[in-house]
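Novice: After the sequence you'll find the predicted model.
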Amino acid sequence: MSVALSIPAVTHHGAVLIASPNDALREQVRERLGGRCWPIQTALGGADALAKLEKGHWQVLFLDRRLPDLNAEELLAVIERRFPGIEVVLLESDSARTADSLAADSESERFPPRPPTPKTILAEKHNMQPLPGMIGTSEAMQRVYRMVRLVAPRPTTVLIAGATGTGKELVARAVHALSPRAAKPFVVVNCAAIPDALLESELFGFTRGAFTGAVQSQIGRIPAAHGGTLFLDEVSELPLGMQAKLLRFLEQKEVQRLGTCEVTRVDVRVVAASNVDLARRAHRGEFRQDLFYRLSAFPIELPSLAERRGDVVPLAEHFLFCMAAALDTPAPRLDDNAARLLQTHPWKGNVRELQHVMERASILADSADVIRVEHLYFADSIDHRQEVPFSTV
């Protein structure tokens, strides 16, 4: 096999990453680079490449268009956003070119133009169906659907990033539902909701008498997820001591219940979520960097509702339908003015805020068959001196 490849003028200080599942192709690139670049590392797929990009300072990425786990164009969009300083060279297989013709390439040739933006990529692709339990066909959500469908069949650890109310747990459940583990447990751990003193016993379990109050043995959340998926919500809230124990589990796939020396192997796929910039926290020493790298093998970033305004009305209608179905009543419709108001609202609380606004509107509309502007109230515009039926935050 040969590859259509131009080698730019890379200094001897430049670190190079070659991402390709093809041994011969990686070796050919190594030979073509010769001794001009140091160091040179390789990745066997897209997820492996992302993990290595997170850990090092790279100047150049040679990227095979044919990856076993990710779509190269989607991966380029992620790299463009997260690693803007890295130059990317796409590797093209071409049976018409020979290794001898590669040697004739000019040493002064520059890199090809930067890859298209995610919007351009998505505009060239057919629309994907929403994930299970999710609503929306915007380009931002199409990107999320694509990433989830790529990673779901594989055991790769996933880190879902996004503001509060963007639907991180829905995405985690979709990863599980589309995976070979769908018939096995999906276990949720809200890391912020469990007191620090109880986290270890909740995650790993304990035996009777392990501590005061342990009147009977209990299986932990991790063993309970055996064969399935463990969802660590708000993982940024884990205390540092617990982070070290979680890291050991991720590396060894073993758990030890409190009060026993017995070690048990557990087969669990981990999906984590954070509403804060975990990379920045790791850089500041507030979160273990080694754990961050483990969790972020395949990151998925969720857009805010303000970034997917085309989905606002379909989501609102969906919430109205679900609330009406629960009461066994016809669902009201949105009039045009109400729909326009919903589309222009900033939605700082994201999808969760929209759900609450529609719940309020359906109550205020009572038995009316139309939701109008006067039925819509928003948390940041309500006169807080009046009594309100529920909180929208």
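Specialist: Good, I have the coordinates. Remember, it's a predicted structure, so these values are computed and weren't measured experimentally.

Novice: From now on I want contacts and neighbour counts done on CA atoms only, so please keep to that.
Specialist: OK.

Novice: how does the chain divide up, domain by domain?
Specialist: Per automatic domain parsing, the domain ranges recorded for the chain read 3-106, 139-301, 305-375.

Novice: Could I get those in TSV, plus columns for distance to P130, mean neighbour count and mean pLDDT?
Specialist: Output for these, formatted as TSV (distance: least, Cα to Cα, whole Å; neighbours: other Cα atoms under 10 Å; pLDDT from 0 to 100):
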stretch	distance to P130	mean neighbour count	mean pLDDT
domain 3-106	17	17	72
domain 139-301	6	18	88
domain 305-375	11	17	92
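
Novice: Would you map the strands across the stretch 51-200 of the chain?
Specialist: Secondary structure of the stretch 51-200 of the chain, counting by DSSP state E, counting those that start in this stretch: strands at 60-64, 87-93, 158-161, 186-190.

Novice: How far does the strand or helix carrying L25 sit from its chain's centre?
Specialist: With secondary structure defined by DSSP states H and E, L25 is part of helix 23-33. For helix 23-33, the gap between its own C-alpha mean and the chain's C-alpha mean amounts to 32 Å (Cα atoms, centre = their mean, to the nearest Å).

Novice: After it, which helix or strand is next? Please name it.
Specialist: Stepping forward along the backbone from helix 23-33, the first helix or strand reached (DSSP H and E) is strand 40-43.

Novice: Check which helices and strands that next one is in contact with.
Specialist: Here strand 40-43 touches strand 16-19, helix 46-55, going by 3 or more Cα pairs under 8 Å, 6 or more residues apart in numbering; DSSP states H and E.

Novice: other SSEs contacting the first one?
Specialist: When you say that, I think you mean strand 16-19. Judged by 3+ Cα pairs under 8 Å, 6+ apart, strand 16-19 is in contact with helix 23-33, strand 40-43, helix 46-55, strand 60-64.

Novice: who touches the third one?
Specialist: Right, the one you point to is helix 46-55. 17, 19, 42-43, 67-70, 72, 75, 156, 293, 296-298 (Cα atoms under 8 Å, 6 or more residues apart in numbering).

Novice: Setting aside sequence-adjacent positions, which residue approaches the residue sitting nearest the centre point of the chain most closely?
Specialist: Centrality entry for the chain: nearest residue to the mean C-alpha point is I300, 2.1 Å, by Cα atoms, centre = their mean. Counting by Cα to Cα, 6 or more residues apart in numbering, the nearest residue to I300 once its immediate chain neighbours are dropped is I160, at 4.8 Å.

Novice: Show me what the one you found bridges to in the sheet.
Specialist: Per DSSP bridges, the residues bridged to I160 are A273, I300.

Novice: surely D311 meets I135?
Specialist: Yes - contact criterion Cα atoms under 8 Å: D311 and I135 qualify, at 7.4 Å.

Novice: before we move on, back to that, dump the helices and strands packed on strand 16-19 into a markdown table; add distance to S274 as well.
Specialist: As requested, those are arranged in a markdown table below (distance: least, Cα to Cα, whole Å):
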| stretch | distance to S274 |
| --- | --- |
| helix 23-33 | 35 |
| strand 40-43 | 26 |
| helix 46-55 | 17 |
| strand 60-64 | 28 |
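
Novice: what's the closest of the ones you listed to Y377?
Specialist: Ranking the helices and strands packed on strand 16-19 by proximity to Y377 (Cα to Cα) places helix 46-55 first, at 43.0 Å.

Novice: Would you check how far apart R372 and L364 are?
Specialist: Look at R372 and L364: by Cα to Cα, to the nearest Å, they are 10 Å apart.

Novice: swap in E87?
Specialist: According to Cα to Cα, E87 and L364 sit 56 Å apart.

Novice: ok, the nearest residue to E87 once chain neighbours are set aside - contacts?
Specialist: Distances taken as Cα to Cα, 6+ apart place V60 nearest to E87, at 4.8 Å, with adjacent residues excluded. Contacts of V60 were listed using Cα under 8 Å, 6+ apart, and they are 14-17, 86-89.

Novice: quick revisit: and the strands of the stretch 51-200 of the chain as CSV, adding distance to A325?
Specialist: Compiled in CSV, these are given as follows (distance: least, Cα to Cα, whole Å):
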stretch, distance to A325
strand 60-64, 49
strand 87-93, 51
strand 158-161, 31
strand 186-190, 26
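
Novice: Quick check: which of those is nearest to Q355?
Specialist: When these are compared (using Cα to Cα), the closest one is strand 158-161, at 20.5 Å.

Novice: Tell me which other helices or strands that closest one touches.
Specialist: Other helices and strands packing on strand 158-161, by 3+ Cα pairs under 8 Å, 6+ apart, are helix 168-177, strand 269-274, strand 298-301.

Novice: who's the residue nearest to I40 when sequence neighbours are not counted bridged to?
Specialist: Beyond its immediate neighbours in the sequence, the residue positioned closest to I40 (Cα to Cα, 6+ apart) is V16, lying 4.8 Å away. With DSSP bridges applied, V16 shows beta-bridge pairing to I40, V60.

Novice: thinking V16 is in contact with R30, fair?
Specialist: No - because the distance of 9.7 Å does not satisfy Cα under 8 Å, V16 is recorded as not touching R30.

Novice: mind listing the strands for the stretch 251-393 of the chain?
Specialist: Under the criterion DSSP E, counting those that start in this stretch, the stretch 251-393 of the chain carries strands at the ranges 254-256, 263-265, 269-274, 298-301, 333-334, 370-371.

Novice: who touches L240 in this structure?
Specialist: If a contact means Cα under 8 Å, 6+ apart, then L240 has 286-288 as its contacts.

Novice: ok, back up a step: will you turn the contacts of V60 into a markdown table that also has distance to Q218?
Specialist: Below are the contacts of V60 laid out as a markdown table (distance: Cα to Cα, whole Å):
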| residue | distance to Q218 |
| --- | --- |
| G14 | 52 |
| A15 | 49 |
| V16 | 49 |
| L17 | 46 |
| I86 | 49 |
| E87 | 52 |
| V88 | 51 |
| V89 | 53 |
